[in-house]
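A.B. asks: Generate a structure from the sequence data that follows.
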Amino acid sequence: MSLRIHLIAIGGSAMHNLALSLHEKGCRVTGSDDEINEPSKSRLAIAGILPKEIGWFAEKITKNIHSVILGMHARADNPELIRAKELGLKIYSYPEYIYEATKDKIRIVIGGSHGKTTITAMILHVMNFHKMETDYLVGAQLEGFNTMVRLSNTAKFAVIEGDEYLASPIDRRPKFHLYKPNIAVLSGIAWDHINVFPTFENYTDQFKKFIELIEPGGFLMYCADDNELNKVCNSASASNVTKIPYSVPANKIVDGITYLLVDNNEVPLQIFGDHNLMNLNGALLACNRIGISNSKFYEAIQSFKGAAKRLELVYKNQSFNFYKDFAHSPSKLKATTNAVKQQFKNRTVIACMELHTFSSLNEEFLKEYKGAMDLADEAIVYFNPHTIAHKKLKQITTQQVHKAFFRKDLKVFTRSEEVTEYLKTQTWNNKVLLMMSSGNFDGVDFKELAGQLVL
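C.D. replies: Below you'll find the model as predicted:
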């Protein structure tokens, strides 16, 4: 008899993918949410598991439910959660359930303030290329994969992107503390999520704890070029764990293409930038631990195009390239802008970013952005005062943004139309446009914008 599983807040990006995976596995899946948007709505409907009504319904929670999975979007006073507690049902946070489903597998967990989605995507791409079955959890839609989550009864491995944000409204542990990896990769540490981790020390402590939770006899790959991560890895006590550092591999750039230099051979890549090359080395070391040789890794990685919104190419012609990227924190801005400038040394790089997250819109955290966009030839920052009000934060001013970024020629806009209209006034010969945000500049269609820029 198939298990019946109910997801509270089924409409979220991660939760609806989990629902689809469980449905595909043969579970009887139900769920609820107070808002379900696209693409979640259509995907759940096609699978036949879209809730018939929007809202929370305590009567949906009955004794014959085997497990309840609680999404981050739900609140602690959710009526369905309260009913599940009254009935004594098994209640899991999202990461708790992922661990429960993979506890008998070899778990490869990728953490870090930046790069974890890309490293996870690289490992999955290589395994998929060589037809190695695996369960997985990744934070972006990947080419060649139907869902962002897969849980099976047959896979020997589980590749898990380990987010440091909270597990659920009633479980204040960071998600990546629950996975207990056999093989761990850490890409770097840069303060984020200040609404949860109010000090840098408090934030770095989470990574120490993660290292201590690696299974005895396990492996930790870490980026040796990150000073803070080096300190954390060397100071963390880890029982019988082998620590392996990695760095930027030997490479060269010719005519806008990056080549890895491996044993007198040149391996062409579709990705670029030191941060991506470091991510690649972390992925390589993890793949080595599960039996994938260097030569098999390099064979597969040549066709890797990157994860969605990670230096994703929107448009290009002979003299103009347009990329969008998820970068929003200071370290990500710096790494992404530097990558583009290094790849296109003879072109003018115009970098445009949106302050969109809770941390980035906080007046205290703003000072962390000092120098973050200095590597661009021209820099633009956009923020929406309505977004700040919606997040119940104190309003910031354009003057504060100017001061924080510490760049005299910085352009600051507070309406997305101002951004696009300004970009349309520019000529785009021998230039690169880089637009960075965890949002979308309040509804900007990047492909449509590209067409308008090159008319």
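A.B. asks: Which helix or strand contains Phe207?
C.D. replies: Phe207 is located in helix 200-212, with elements delineated by DSSP states H and E.
A.B. asks: residues of that helix that come out buried?
C.D. replies: Across helix 200-212, burial judged by 16 or more other C-beta atoms under 10 Å covers Tyr203, Thr204, Gln206, Phe207, Lys208, Phe210, Ile211. From N, CA and C alone the C-beta is placed, and that goes for glycine too.
A.B. asks: the helices in the stretch 101-250 of the chain, which residues?
C.D. replies: With DSSP state H, counting those that start in this stretch as the criterion, the stretch 101-250 of the chain has helices at 116-129, 200-212, 227-235.
A.B. asks: okay if I get those as JSON lines plus mean pLDDT?
C.D. replies: Formatted as JSON lines, these follow (pLDDT from 0 to 100):
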{"stretch": "helix 116-129", "mean pLDDT": "96"}
{"stretch": "helix 200-212", "mean pLDDT": "92"}
{"stretch": "helix 227-235", "mean pLDDT": "91"}
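A.B. asks: right, so of those helices, which gets closest to Lys367?
C.D. replies: Proximity to Lys367, assessed across these by C-beta to C-beta, is greatest for helix 200-212 (12.5 Å).
A.B. asks: So which elements touch that closest one?
C.D. replies: strand 171-174, strand 183-186, helix 227-235 (3 or more C-beta pairs under 8 Å, 6 or more residues apart in numbering; DSSP states H and E).
A.B. asks: would you turn these into CSV with distance to Thr134 and mean neighbour count?
C.D. replies: Listed next are the helices and strands packed on helix 200-212 as CSV, based on distance: least, C-beta to C-beta, whole Å; neighbours: other C-beta atoms under 10 Å:
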stretch, distance to Thr134, mean neighbour count
strand 171-174, 23, 16
strand 183-186, 12, 28
helix 227-235, 26, 16
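A.B. asks: Ok, which of these comes nearest His386?
C.D. replies: That would be strand 171-174 among these, by C-beta to C-beta, at 29.2 Å.
A.B. asks: Show me the contact partners of the closest one.
C.D. replies: Ser93, Glu96, Asp163, Glu164, Tyr165, Leu166, Ala167, Gln206, Lys209, Phe210 (C-beta atoms under 8 Å, 6 or more residues apart in numbering).
A.B. asks: now with 10 Å?
C.D. replies: Contact with strand 171-174 is made by 70, 72, 91-96, 111, 162-167, 177-178, 193, 196-197, 203, 206-207, 209-210, as judged by C-beta atoms under 10 Å, 6 or more residues apart in numbering.
A.B. asks: Pairing partners for that strand, with directions?
C.D. replies: As defined by DSSP bridges, the strand partners of strand 171-174 come to strand 166-168 (antiparallel).
A.B. asks: How far off centre is the partner strand?
C.D. replies: Taking C-alpha atoms, centre = their mean, to the nearest Å, one finds strand 166-168 lying 16 Å from the centre of the chain it belongs to.
A.B. asks: again, but for stretch 221-229
C.D. replies: The chain centre lies 19 Å from the centre of stretch 221-229; the measure is C-alpha atoms, centre = their mean.
A.B. asks: Over to stretch 277-290?
C.D. replies: Offset of stretch 277-290 from its chain centre (C-alpha atoms, centre = their mean): 17 Å.
A.B. asks: Also stretch 180-196?
C.D. replies: Centroid separation for stretch 180-196 versus its chain: 11 Å, with C-alpha atoms, centre = their mean.
A.B. asks: same question, stretch 35-48
C.D. replies: Offset of stretch 35-48 from its chain centre (C-alpha atoms, centre = their mean): 22 Å.
A.B. asks: Pull out the buried positions in that stretch.
C.D. replies: Those would be Ile36, Ser40, Lys41, Arg43, Leu44, for stretch 35-48 by 16+ other C-beta under 10 Å.
A.B. asks: Strands along the stretch 251-400 of the chain, start to end?
C.D. replies: Applying DSSP state E, counting those that start in this stretch to the stretch 251-400 of the chain gives strands spanning 251-254, 257-262, 265-268, 312-316, 320-325, 348-354, 378-382.
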